[in-house]
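S.K.: Fold the following for me, if possible:
(chains A, B and C)
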Amino acid sequence: MKLILAIVQDKDSNRLSEEFIENNIRATKLSTTGGFLKEGNTTFIVGIESDRVSEALTLIETVCQAREQYMTSPISLDPTVDNYFSVPVPVQVGGATVFVLPVESFHQF
Amino acid sequence: MKLILAIVQDKDSNRLSEEFIENNIRATKLSTTGGFLKEGNTTFIVGIESDRVSEALTLIETVCQAREQYMTSPISLDPTVDNYFSVPVPVQVGGATVFVLPVESFHQF
Amino acid sequence: MKLILAIVQDKDSNRLSEEFIENNIRATKLSTTGGFLKEGNTTFIVGIESDRVSEALTLIETVCQAREQYMTSPISLDPTVDNYFSVPVPVQVGGATVFVLPVESFHQF
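M.R.: Numbers count the residues shown, from 1 in each chain, chains lettered A, B, ... in the order given. Below you'll find the model as predicted:
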């Protein structure tokens, strides 16, 4: 048995929850803030058999991997003039920070 | 020193808090959701001396053990007719998922 | 890699966040309650290289160490008479409960 602590972006947390359920991995969600990733994030506590750790890690990586998204933001070329137009800028989203912890014993009551 | 992570149902969390206090076990509560148990649940972080782990586990089991409760819900025998009557149905409540983790060092400032 | 769980008083949590950022230590904050310290407290999850653990502990101790503060509370010498006056009383604030946990593997996606 291992304990996985996965800190992911809020925007990826619903999809990750669903993937966990679909793959029969039981996870508990904590609402957390800041630090490892900017702004609101979600921490998952996952208890998993040792031989399924890599499966869970692959799943987290697939859903949450850091990637670029293009955001359209208004940009002014000449700040003295009021002529804004939209330029798509690349923004990095996603990403996950994951700790795998040893478990001494596991109980279900 | 060990760290106990106990995920219990919200409805058992107050009683467990009280039992921890009464038995001089110091616990911190997190509000968590979903996964191990249905719906709202509470995660306790408990720091405890190695020789008191089984005492704490017994306490968690006593308070939170999964058990059946009878819930009275209206049930229609014939869905085409509007004749509901109440039948007590068994519902499982409680239960706890508990991890005991090794601690490398413990500090109090 | 180690995982530090630090439970501190709410009133110290902002300063600790800032110190972590300034010292390039990445931490995630959880809002927690009760137990180790009275009332609202904050739990930090900190992932840190093994050789920086003592640095992080020193930082937590510096910011959060238990200390006395004088609070001015109205006290009546004779409860039958309505003559309150203010006496500064020492109140203990701060303090931190810290667990250092072994990490089996660490991943960033």
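S.K.: and the helix or strand where A:Val100 lies, what does it pack onto?
M.R.: Assessed by DSSP states H and E, A:Val100 sits inside strand A:96-102. If you count contacts as 3 or more CB pairs under 8 Å, 6 or more residues apart in numbering or on different chains; DSSP states H and E, strand A:96-102 packs onto strand A:2-9, helix A:53-64, strand B:96-102, strand C:96-102, strand C:105-108. (Each C-beta comes from the backbone N, C-alpha and C, glycine too.)
S.K.: Which positions in it come out as buried?
M.R.: For strand A:96-102, the neighbour count (16 or more other CB atoms under 10 Å in any protein chain shown) marks A:Ala96, A:Thr97, A:Val98, A:Phe99, A:Val100, A:Leu101 as buried.
S.K.: now the helices and strands packed on strand A:96-102 in TSV, with mean pLDDT and distance to B:Phe109?
M.R.: Below are the helices and strands packed on strand A:96-102 laid out as TSV (pLDDT from 0 to 100; distance: least, CB to CB, whole Å):
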stretch	mean pLDDT	distance to B:Phe109
strand A:2-9	94	23
helix A:53-64	96	34
strand B:96-102	96	21
strand C:96-102	96	5
strand C:105-108	94	26
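S.K.: Which among those is found nearest to B:Ser17?
M.R.: strand B:96-102 (13.6 Å; CB to CB).
S.K.: Can you list the neighbours in contact with that closest one?
M.R.: The list of residues contacting strand B:96-102 from outside it, by CB atoms under 8 Å, 6 or more residues apart in numbering or on different chains, reads A:1, A:3, A:26, A:28, A:47, A:101-109, B:2-9, B:12, B:36-37, B:53, B:57, B:60-61, B:64-65, C:101-102.
S.K.: Spatially nearest residue to A:Tyr70 (excluding sequence neighbours)?
M.R.: A:Pro88 (4.2 Å; CB to CB, 6 or more residues apart in numbering or on different chains).
S.K.: what do you get for A:Thr33?
M.R.: Using CB to CB, 6+ apart, the closest residue to A:Thr33 is C:Lys29 (4.9 Å).
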